[in-house]
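Peer 1: show me the folded form of this:
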Amino acid sequence: MTHRAAVPARSYDVVVLGGGLGPRIAAALLARRGARTLVLAGDEPAPCYDVAGYRLPREPVGLLVGASGLARRVLAELAVSSTLRTRSSVGEPPAQIAMPSTRLDLAVDEPAFAAHLDREWPGSVAAILTSLRTLDGIARAVDAVLVAGAPWPPETFLEKRRHARALERWLQSRAASSDPLEPVPASHPWRASCRALVRFCTDLDADPSPVVLARALSAWRHGPVRFEGGFGAMHALLAERIERSGGEVRDDERPARIVVRRGIVEGVELRARGELVGARCVVAGLDASSIAALCSERTAFEALFERQGEPDPRWYRYVLNVVIGRRGLPVGMGRDLVWLGDPRGTSVDDAPLRVEATPLEGRDEVLLTVEALLSRRVAEDADGSLATVRERVLASLGQVVPFLGRHVRLVDSPHDGREPVDLRQRVVLSVPAGCRRGPSTMRPIWHVRQPRVLGTCAMPVRTPVRGLLSCGPDVVPGLGVEGAFVAAVAVARAVGATTARRWSTARARLP
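Peer 2: Numbering: from 1, shown residues only. Next up is the predicted model:
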């Protein structure tokens, strides 16, 4: 459907839709490189919410980007590296893998990691270290390609040629196609551990490629990076950088539709006022289906989905926040842990958990942020099982934290539609009005017909609509949080290549 042309109330070089990490990074890069940038972040739930004096996160706050040279390069360009260094930390140990009879500390240093392996699996040290060296080599090669600025994902002819040349030497090795875990027996718990680490590090539902496995394992061994104040403080820092570069951030504005005329983007219509904001480019930090739903012309997306397949959410990330007394935290438990109740299990009761422990300042308490993966059927409550997920996750957490029931003080999930509970007083608590909650706020894990670019990418940066680009979660889902940086850089490059000559305030060198 083609809509009648309207006169924009105001125009920008770039309008960015979405308030998550990826779109904010893209907006900060574009604003710093000279584009008049507007961010409309109204559809994004706040990263944290308040209950009974506690500030609770919607997801684990540790960013798995400690091993990413590209993330460091982007943060240096945005001039926030020093701020992040002084306000960020990594746990010691960086992360742990735990099972009923095993607790393995992950480490970057090979001798230290070998010592932990020898304590838990003494007969498997050589095989695991052999596989680890192969994966480290893959991770370093990919990191070098990303830092060097090779297009990822490559889409134009020139980008594909440059990308192929950057990977040529590495692709000649068998590491690009063989199984890096081949030295490890098929039934060994290290394999199940690697699968769990990948699941909590990426947003792609597929057998991990060697690249995806290598980057995930490298990220976990370096440890999740925690920024003081969590995602809320990170978002505020990026918003400040956008505004300092002359951009605007409207956290309360939501788009009604992306206005497209004859296959070319013209701007964004605001939901509250019906006002048209003109734009030479629109960058959407949304999944492809949501972008298509907003477009006034959808036919081009139908052809894309017919050709590549429409990303399908198969799993969802469910988060449960549990406040316990500090004495209840087991001795030796690190602040970032992945629990495998039964490496061969398939139900919620024995599925892996990601557990993040945060001591609460000024309180004799610890916040445990627990992430579990729910199938689409459970998340959509097709069989009524969503109502029992909270208790089942608590039961699994009880295997990580012995005598959990004696120490729990508050339990809440922003995702299951139930209210917070103060277990000391045995009372149901209220949440602030306007706080977005429920299953619709869970973050999906995407299934695609055929992952691209060494198993890391799904949808393209350039959509079928001219001037409409995507840095959504389904662009580079195989790299997780690092993929948000990769997609943001790709969008900034694509916007610069198509509109740099027309930017009215261009003042920075583009790649």
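Peer 1: check the nearest residue to R103 once chain neighbours are set aside and give its pLDDT.
Peer 2: Spatial nearest neighbour of R103, chain neighbours left out: Q96 (6.0 Å); criterion: Cβ to Cβ, 6 or more residues apart in numbering. Where C-beta positions appear, they are placed from N, C-alpha and C, glycine not excepted. Note for Q96: predicted pLDDT of 96.
Peer 1: helix, strand or coil for Q96?
Peer 2: strand (DSSP: H, G, I helix; E, B strand; the rest coil).
Peer 1: got a list of what it touches?
Peer 2: R103, L104, D105, L106, M333, G334, D336, L337, V338 (Cβ atoms under 8 Å, 6 or more residues apart in numbering).
Peer 1: can you give me the distance of the closest residue to the fifth one other than its chain neighbours to L337?
Peer 2: Right, the one you point to is M333. Nearest non-adjacent residue to M333, counting by Cβ to Cβ, 6+ apart: A357, 6.6 Å away. Distance, A357 to L337, by Cβ to Cβ, to the nearest Å: 8 Å.
Peer 1: quick one, which of the two is more surrounded?
Peer 2: Comparing A357 with L337 by other Cβ atoms under 10 Å, the one with more neighbours is L337, at 24 against 20.
Peer 1: doesn't A95 make contact with the more buried one?
Peer 2: Yes: between L337 and A95 there is a contact at 6.9 Å, judged by Cβ atoms under 8 Å.
Peer 1: number of nearby residues for V277?
Peer 2: As a burial measure, V277 scores 23 neighbours (other Cβ under 10 Å).
Peer 1: list the residues that contact it.
Peer 2: Applying Cβ under 8 Å, 6+ apart to V277 gives the contacts P8, A9, R10, S11, Y12, V15, L38, G267, V268, E269, L270.
Peer 1: from those residues, which is closest to A126?
Peer 2: V15 (55.0 Å; Cβ to Cβ).
Peer 1: any idea which element the closest one lies in?
Peer 2: strand 10-17 (DSSP states H and E).
Peer 1: list the strands paired with that strand, with their directions.
Peer 2: Strand 10-17 has the following strand partners under DSSP bridges: strand 37-40 (parallel), strand 276-284 (parallel).
Peer 1: let me know which of the ones you listed is tucked in deepest.
Peer 2: When those are scored by mean count of other Cβ atoms under 10 Å, the highest mean neighbour count falls to strand 37-40 (a mean of 28).
Peer 1: pLDDT on it, on average?
Peer 2: In this model, strand 37-40 has a mean pLDDT of 96.
Peer 1: list the contacts of it.
Peer 2: Residues outside strand 37-40 that contact it (Cβ under 8 Å, 6+ apart): 12-19, 23-24, 27, 30-31, 239, 242, 245-250, 253-255, 268, 270, 277, 279.
Peer 1: on that earlier part again, surely the residue nearest to M333 meets L329?
Peer 2: Yes: at 6.4 Å, A357 counts as touching L329 under the criterion of Cβ under 8 Å.
Peer 1: between those two, what contacts are shared?
Peer 2: The contact sets of A357 and L329 overlap at V366 (Cβ under 8 Å, 6+ apart).
Peer 1: just checking, V453 touches W152?
Peer 2: Yes: if you go by Cβ under 8 Å, V453 and W152 touch, sitting 6.4 Å apart.
Peer 1: okay, and the common contacts of these two?
Peer 2: Each of H163, V476 lies in contact with both V453 and W152 under the rule Cβ under 8 Å, 6+ apart.
Peer 1: follow-up on the earlier one: which residues do A357 and L337 both contact?
Peer 2: Shared contacts of A357 and L337, defined by Cβ under 8 Å, 6+ apart, are absent.
Peer 1: mind checking the pLDDT average for stretch 455-466?
Peer 2: For stretch 455-466, the mean pLDDT works out to 95.
Peer 1: which parts of the stretch 351-500 of the chain are helices?
Peer 2: Under the criterion DSSP state H, counting those that start in this stretch, helices of the stretch 351-500 of the chain are mapped to 376-379, 389-400, 404-407, 480-499.
Peer 1: indicate which one of the ones you listed is closest to D312.
Peer 2: The closest of the helices of the stretch 351-500 of the chain to D312 is helix 376-379. By Cβ to Cβ, the value is 8.4 Å.
Peer 1: just checking, next helix/strand downstream of the one helix or strand in the chain whose mean pLDDT sits lowest?
Peer 2: The least trusted helix or strand in the chain, going by mean pLDDT, DSSP states H and E, turns out to be helix 157-171, with a mean of 81. As assigned by DSSP H and E, the chain's next helix or strand after helix 157-171 is helix 189-199.
Peer 1: and the angle from that following helix to helix 480-499?
Peer 2: Taking axes from the mean of the first three to the mean of the last three Cα atoms, to 10 degrees, one finds that helix 189-199 is oriented at 40 degrees with respect to helix 480-499.
Peer 1: ok, T358 to T369 distance?
Peer 2: T358 sits 7 Å away from T369, going by Cβ to Cβ.
Peer 1: intersection of neighbour lists for those two?
Peer 2: V61.
Peer 1: what's the neighbour count on the spatially closest residue to G478 that is not a sequence neighbour?
Peer 2: Excluding the flanking residues, the one nearest G478 by Cβ to Cβ, 6+ apart is T456, at 3.6 Å. For T456, the neighbour count with other Cβ under 10 Å is 26.
Peer 1: was I right about T456 contacting D474?
Peer 2: No: using Cβ under 8 Å, T456 makes no contact with D474, being 11.8 Å away.
Peer 1: the nearest residue to Q399 once chain neighbours are set aside - how many residues pack around it?
Peer 2: Leaving out its chain neighbours, the residue that sits closest to Q399 by Cβ to Cβ, 6+ apart is G341, at 6.0 Å. Residues near G341, counting by other Cβ under 10 Å, number 19.
Peer 1: re earlier: out of the strands paired with strand 10-17, which comes closest to G69?
Peer 2: Of all the strands paired with strand 10-17, strand 276-284 comes closest under Cβ to Cβ, at 23.7 Å.
Peer 1: what mean pLDDT does the next helix or strand after the closest one have?
Peer 2: Heading C-terminal from strand 276-284, the first helix or strand you meet, by DSSP H and E, is helix 288-294. For helix 288-294, the mean pLDDT works out to 94.
Peer 1: list the helices and strands the very next helix or strand once past helix 288-294 packs on?
Peer 2: Per DSSP H and E, the first helix or strand lying C-terminal to helix 288-294 is helix 299-308. With contacts defined as 3 or more Cβ pairs under 8 Å, 6 or more residues apart in numbering; DSSP states H and E, the packing partners of helix 299-308 are helix 288-294.
Peer 1: where does the stretch 201-350 of the chain dip in pLDDT?
Peer 2: 342-350 (pLDDT under 70).
Peer 1: rewinding a little: winner for burial among the helices of the stretch 351-500 of the chain?
Peer 2: Ranked by mean neighbour count, those are led by helix 480-499 with a mean of 24 (mean count of other Cβ under 10 Å).
Peer 1: which residues touch the residue nearest to M333?
Peer 2: Counting by Cβ under 8 Å, 6+ apart, A357 touches L329, M333, G334, R335, D336, L337, V366, L367, L368.
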